[in-house]
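# any chance you could fold what I've pasted below:
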Amino acid sequence: MLNVGAISEGFVLDHIKAGKSMKIYDYLKLGELDCPVAMIMNAKSSKMGRKDILKIECDINLINLDVIGYLDPDITVNIIKGEKIVEKRDLSLPAEVKNIIRCKNPRCITSIEQGLDHVFFLADREKGIYRCKYCEEKYHEAR
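A predicted model of the protein is given here:
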């Protein structure tokens with residue numbers, strides 16, 4: 001049995017689909033933060049069969065929860081203080097995402113104006129479809 005120690009203050013991302021924790025690590029730019037990160041992959045789960053877990057020992061405000069909600073709204077965020085869970089946050093698809101995904105329409109203003117933010121709005125919550133704020137191009141790539 002694998003045993004990863006408790007964190008004193010930070011958060012735990014639980015119920016990550018097996019094999020997806022590295023993608024979340026990259027999107028959150030955790031490699032750029034100066035804080036300990038533990039990644040557990042393919043852990044046994046009665047709810048999911050297999051799951052990944054990320055333990056991050058830093059202030060929750062250093063990360064963008066919209067990124068996690070966009071990638072997988074079924075992830076649970078456990079906030080830790082004094083080595084105890086003090087709050088659990090359930091995520092949902094954010095109404096808007098900024099600079100998480102990029103518009104692929106070559107005629108979009110974001111293709112011409114390099115410094116412009118890539119902003120997408122949630123067009124269909126049921127299907128998880130996002131559209132570019134500027135050209136309304138549908139975002140096709142699977143999360």
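# so which residue is smack in the middle of this structure?
Nearest residue to the geometric centre of the chain (C-alpha atoms, centre = their mean): residue 68, 1.9 Å.
# A helix includes residue 127, no?
No. Under DSSP: H, G, I helix; E, B strand; the rest coil, residue 127 sits outside any helix and is assigned coil.
# give the contact list for it.
Taking C-beta atoms under 8 Å, 6 or more residues apart in numbering, we find residue 127 in contact with no residue. All C-beta spots, glycine's among them, are computed from the backbone N, C-alpha and C.
# and it, how far from residue 138?
Separation of residue 127 from residue 138 (C-beta to C-beta, to the nearest Å) stands at 10 Å.
# buried sites along stretch 22-35?
Under the neighbour-count criterion of 16 or more other C-beta atoms under 10 Å, stretch 22-35 has 24-25, 27-28, 30 buried.
# no, scratch that, I was asking about stretch 72-85
Neighbour-count burial for stretch 72-85, counted by 16+ other C-beta under 10 Å, picks out 72, 75, 77-78, 80.
# try stretch 45-61
Judged by neighbour count (16+ other C-beta under 10 Å), stretch 45-61 contains these buried residues: 51-58, 60.
# contacts for it, please.
Applying C-beta under 8 Å, 6+ apart, the external contacts of stretch 45-61 come out as 4, 7-21, 24-25, 30, 33, 35-44, 63, 77, 79.
# quick check on those residues: which are buried?
For these, a burial check counting by 16+ other C-beta under 10 Å picks out 7, 10-17, 20-21, 24-25, 30, 37, 39-40, 63, 77.
# out of those, which are inside strands?
10-17, 37, 39-40, 77 (DSSP state E).
# nothing else from me, thank you.
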